[in-house]
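# Structure, please.
(chains A, B and C)
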Amino acid sequence: MADSPSDVVALTAAQAADAVRARELSASEVFDVYRRRAEADDLNAFLSLAEPASPSTDSDAPLAGVPLAVKDIFCVEGVASTAASKILEGYRPPYTATVVERLAAAGAPMLGKTNMDEFAMGSSNENSPYGAVRNPWNRERVPGGSSGGSAAAVAAGLAPWSIGTDTGGSVRQPAALCGLVGLKPTYGSVSRYGMIAFASSFDQAGPITRDVTDAALLYRHMVGRDPCDSTSLDHREAIALPAGDRLDGVRFGVPPQLAAEGEGIQAGVLEVFERAIERIEELGGSVEEVSLPHAEHGLAAYYVLAPAEASANLARYDGVRYGRRDGDGDLVSLYEQTRENGFGDEVKRRIMLGTYALSSGYYDAYYGRAQRVRTKIAEDFAAAFERVDLIVTPTSPSVAFRLGERTGDPLAMYMSDYCTVPMSLAGIPAISIPGGLSDGLPVGLQLAGPAFSENRLLEAAHAIELGIGFEGVPVGADGRGAGEAADA
Amino acid sequence: MIERDEVLHVARLARLRLSGEEIDRMARELSSVLDHIEKIGELDLTDVEPTSHAVPLENVLRPDEPRPSLTREEALAGAPDPLEGGFGVPSPGA
Amino acid sequence: MPEPAAERRYEPVIGLEIHVQLSTRTKMFCGCELSFGQEPNSRTCPVCLGHPGVLPVVNAEAVHYGLMIGLALDCRIAPRSLFHRKSYFYPDQAKNYQISQYDVPLARDGRLGDVRVHRAHLEEDAAKLVHAGASGRIHSASGSTVDFNRGGTPLVEIVTEPDLRSAAEAAEWLRLLRATLKRLGVSDVNMEEGSLRCDANVSIRPVGQATLGVKAELKNMNSFRFLQRGIEAEIVRQEELVRGGGEVTQDTLHFDPRTGALTSLRSKEEAHDYRYFPEPDLVPLAPTEPMLERARAALPELPAERAERLERELALSADTARLLAYRGELGDFFEAALAANGGATADGAADARTLASWVTVELVPRLGDREPADSPVTPDALAKLAGMVSSKAVSQSAAKQVLDAMAEQGGDPEQLVAERGLALAGADELGEIVDRAVASNPDAVEQVRSGNGKAIGAIVGAVMRETKGRADGGEVQRMIRERIGF
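Numbers count the residues shown, from 1 in each chain, chains lettered A, B, ... in the order given. Sure, this is the predicted structure:
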């Protein structure tokens, strides 16, 4: 049982769970190793760590006590849950998010709350009042967002696995930028109850993990209808842990609009993408071009619909019932100053955009049209899936960019979501897996399938993952190993 | 293009007290985003149904059975100004 | 050339907007029990408090009640209706948006009585904003507090077409609606308590003009009487304004029943932009055949049907039948009295028409503002009294005196008649009194004999005075004529 901490950290979550169940490892040992590493977090990935420092866990439970990093967007009873916003400073929910409860019941206690872009609005985790998160691959670069803290923590071995939320790409894109696996499930397959809402018809919780098997294991225990969420439904299939290493008979489609012809996709990213396509063919998969004619308008539609829903979802933050309160003593200033002081710039921008799109005279031109674009994009995917089983694209148009590089240009920042947003609009599942490196930085490969096709998605992703053989962030990258100084 | 006075109007609807500098910056940034968004105005979307719901569900209802409420203390925990058993606020129109 | 404004005839045009609190056990979107005077904020949860991360779930019974209301109002039930978010910032709105229904409501295009119902839809009630008491602390800027117990209570909003043409009509129609809803058992429909709230949209237009005038909205009048007076006052205000050369502007008004004053509620900010969009946290309602069947089966006999039945089965006049049926408690009282009679055919019992007349003509004015159930007069007692008149045990006028007493303090009519000595005089006693009256009014007798029939009134009057109402006027006249021989 006296494995060194680095031996423990070298195990994937599923491997650690197996070891605990086989009594080769104790759950408390696993928890302690990770807690110490998390305490030494110098990436700003964590906002808080769970107390008590050693929870009681069930070593025979499916997740065997392997601790989970939880994005601060999830409400946990009695624990500061702020969605990385000052407007919720001091807020401790009187209830726990269904997803967190289910995972805890399956044996995964919370390790800590991770940093994120405020209210999940961002693609770089630079929109946090608690400071930016750094990418363990290169500390001068962003980890992606909005689930940047979750991704950085897993990539640096500060947590064995994590959950984040994906609205337009916020699980997939940080996974891609940090060399991890990130799954955005079929909309509705995971309960949203207790997830602080950004855009209700897009938000989904998803795992960010080291490999596809870990993602499948977590998803299996997240999935299922919740009576507290009217938009949730049971999955049609039991979630299997993927096993195969071949892709024979699987038909893949590449939409040029989101690949070679895609807006702003870096040459290095395309190169890795093309090599991955070759690998898919070597593994027995067939690849053809499929058109998604409206995909290029996905970003525009998303940046009407998501901010519109957000503008209403964030109206409740007004200093009346919880959280921060400012004001001069009259009601108007209570609202206006609390919100002005409590929200960051990006959040204000999106509230303004959303309010504008819904306001009198503009609804049809913006909101109404965007809803129709959404229909067309869903139809495009449906047509494509008549010809292919899965769609494959790069996850992000670029590798991890430098801190500060895009903060002055909101539109440039929004472009990060270019390849991920169409799947969010259609509500279909999509997974990002590491495809390779470009200039030493990870490039993500995105696979998408029809609604409820997670099993096929995970199977294919697993085979490709084995075929590519991507190595995680090297210990000692950038001259340091995350957290190693603490237990050296 | 979104002009300054329109930004002010929207900020009022959204209950945001933007500073003068923010209003100008917001006008620029929003205009840039709206330029991109306006592209959807070019599409022919006649006869296309809007997607108002992301899941194909209907009639999701719950039985009319009481569930435990929070105690008054729990409800007021975290209230910025608990007052006489309620959430204290400045009077509207005061 | 059109007449000058000052000289035209104007007609009022009125539409009503009613909010009905449903009497389900729990709130519209969460499982908190509905509260009745509990201490503030003791019936709340993260959902109805608008906490981060919460989601609404629709109350099945509220939908059932909504369907019942839609069917009772003869509406078309939408095969698919949506919930919408209606955004506005106010302390009594936990999420700063209300979940309501917008352009695809549950029910539309119905009718009740003579008024068309435009729509009926489901939504949630706001919380209660209360003025803070004198205990207000110096350091607190808070002049009010919010109690979220009421927040989230299920409401049905009913909107009529502007088919009403007078304040009295409006009040009468509201009574009918209230009786209908009460009969359905879906709400307490108590205006004073706020489970039935009514706003009125009032405009005027020159008689003969088809287009509508600009309307003013009177908010939240909490009794039938105040509703009627408020609308009357607004009609007068608008007419005076227009006759004086002014124009009615769209406004929201509050009517103070004590002073009769109408004050504008319109805030200094611009009008609300509610920014409606479909509620993404809820899915559409598509009432299934079993749901509709269950709602239909739950409909009891409604006032309109009841009126028709009373007319048909009991030969009541249409007006009387409507009066009894549209004011549900009156109808209940009447039918209970009829049953106490042992039916309309028992010996010594008043027939249905007579009994109905006792209820509508004699009882109603003596009730004042009270509902029959709140007065000391019981259906049994009224039936007995009416029976006593029909069997000539007591005169009509004596019975009215008895009813006066009963309306004050209740009691048994037989006992009251005995106590006050109001029983009809027996034939012998009466005969003696008539003889004396005839004897002491020779001039009147002379006049009657010479053709002035009306002169008999003096003799009748003398008898009535002496019997103090214990005689039946018709019988007295007959006896007098007998003695006179005319």
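# give the contact list for A:G164.
A:G164 sits next to A:71, A:114, A:116, A:146-147, A:150-151, A:170-171, A:174, A:182, A:205-208 when contact means Cβ atoms under 8 Å, 6 or more residues apart in numbering or on different chains. Where you see a C-beta, it was placed from the backbone N, CA and C, and this is true even at glycine.
# Can you list the strands that the longest strand along chain B pairs with?
With secondary structure taken from DSSP state E, chain B has its longest strand at strand B:86-89. Counting by DSSP bridges, the strands paired with strand B:86-89 are strand B:82-83 (antiparallel), strand C:144-147 (antiparallel).
# Export those as CSV, with columns for mean neighbour count and distance to C:E313.
Listed next are the strands paired with strand B:86-89 as CSV, based on neighbours: other Cβ atoms under 10 Å in any protein chain shown; distance: least, Cβ to Cβ, whole Å:
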stretch, mean neighbour count, distance to C:E313
strand B:82-83, 20, 60
strand C:144-147, 24, 49
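# State the distance from C:G246 to chain A.
28 Å (Cβ to the nearest Cβ, to the nearest Å).
# what do you get for C:C30?
Going from C:C30 to chain A by Cβ to the nearest Cβ gives 9 Å.
# just checking, that residue touches C:V57?
Yes - using Cβ atoms under 8 Å, C:C30 and C:V57 qualify as a contacting pair, with a distance of 7.1 Å.
# between those two, which one's more packed in?
A direct count of neighbours by other Cβ atoms under 10 Å in any protein chain shown for C:C30 and C:V57 places C:C30 higher, at 24 against 21.
# Next up, the contacts around that one.
Neighbouring residues of C:C30 by Cβ under 8 Å, 6+ apart: B:R67, C:C45, C:V47, C:C48, C:P56, C:V57, C:G152.
# and those residues as JSON lines, adding pLDDT?
Putting the contacts of C:C30 into JSON lines (pLDDT from 0 to 100) gives the following:
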{"residue": "B:R67", "pLDDT": "97"}
{"residue": "C:C45", "pLDDT": "98"}
{"residue": "C:V47", "pLDDT": "98"}
{"residue": "C:C48", "pLDDT": "98"}
{"residue": "C:P56", "pLDDT": "98"}
{"residue": "C:V57", "pLDDT": "98"}
{"residue": "C:G152", "pLDDT": "98"}
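# with those residues in mind, which one is nearest to A:R406?
C:P56 (36.6 Å; Cβ to Cβ).
# Okay, and which of the contacts of A:G164 map to helices?
Within the contacts of A:G164, residues falling in helices by DSSP state H are A:S150, A:A151, A:P174.
# Got the confidence number for the second one?
Confidence per residue is given as pLDDT, and for A:A151 that number is 98.
# My guess is it contacts A:I208. True?
Yes - using Cβ under 8 Å, A:A151 is in contact with A:I208, at 5.3 Å.
# picking that back up, quick one: buried ones out of the contacts of C:C30?
Among these, the ones that count as buried by 16 or more other Cβ atoms under 10 Å in any protein chain shown are C:C45, C:V47, C:C48, C:P56, C:V57, C:G152.
# give the contact list for the first one.
The one in question is C:C45. Contacts for C:C45 (Cβ under 8 Å, 6+ apart) come out as B:R67, B:S69, B:L70, C:C30, C:G31, C:C32.
# Show me the helices in the stretch 301-450 of chain C, by range?
Under the criterion DSSP state H, counting those that start in this stretch, helices of the stretch 301-450 of chain C are mapped to C:303-314, C:318-326, C:328-340, C:352-357, C:364-367, C:379-390, C:396-409, C:413-419, C:427-439, C:442-449.
# cool, chain B as well?
So, for chain B - with DSSP H - the helices run B:4-13, B:20-37, B:72-76.
# Can you add mean pLDDT and give those back as TSV?
TSV is the format used below for the helices of chain B (pLDDT from 0 to 100):
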stretch	mean pLDDT
helix B:4-13	95
helix B:20-37	94
helix B:72-76	97
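# Show me the one of those that comes nearest chain C.
Nearest of the helices of chain B to chain C, taken as Cβ to the nearest Cβ: helix B:72-76 at 4.5 Å.
# How about that closest one, which residues are buried there?
For helix B:72-76, by 16+ other Cβ under 10 Å, it's B:R72, B:E74, B:A75, B:L76.
# which of the contacts of C:C45 lies closest to B:D24?
Using Cβ to Cβ, C:C30 is the member of these that sits closest to B:D24, with 43.0 Å.
# Show the pLDDT at that closest one.
98.
# quick one: secondary structure of A:S333?
With DSSP: H, G, I helix; E, B strand; the rest coil as the basis, A:S333 sits in helix.
# and the spatially closest residue to it that is not a sequence neighbour, what does it touch?
Once flanking residues are discounted, A:S333 sits nearest to A:G327: 4.3 Å by Cβ to Cβ, 6 or more residues apart in numbering or on different chains. With contact taken as Cβ under 8 Å, 6+ apart, A:G327 is in contact with A:G319, A:S333, A:L334, A:Y335, A:E336, A:Q337, A:T338, B:P90, C:A141.
# Contact residues of the stretch 201-350 of chain A facing chain C?
Neighbours of chain C within the stretch 201-350 of chain A, by Cβ under 8 Å from any Cβ of the partner chain: A:201, A:227-231, A:308-309, A:311-312, A:315-318, A:320-322, A:327, A:329-331, A:335.
# Please give me every residue in contact with the residue nearest to A:P160 when sequence neighbours are not counted.
Nearest residue to A:P160, sequence neighbours excluded (Cβ to Cβ, 6+ apart): A:A13, at 4.2 Å. Going by Cβ under 8 Å, 6+ apart, A:A13 touches A:L63, A:V66, A:P160, A:W161, A:T209, A:R210, A:D214, A:L217, A:L218.
# do the same with A:G65
Each residue near A:G65 by Cβ under 8 Å, 6+ apart is listed here: A:A17, A:V20, A:A27, A:S28, A:V30, A:F31, A:T57, A:D58, A:S59, A:G107, A:A108, A:P109.
# And B:E65, by the same measure?
Contact analysis of B:E65 by Cβ under 8 Å, 6+ apart lists C:R25, C:T26, C:G31.
# Got the phi and psi for it?
Main-chain dihedrals, B:E65, degrees, to the nearest 10: phi -120, psi 130.
# Could you check how far it is from C:Q21?
19 Å (Cβ to Cβ, to the nearest Å).
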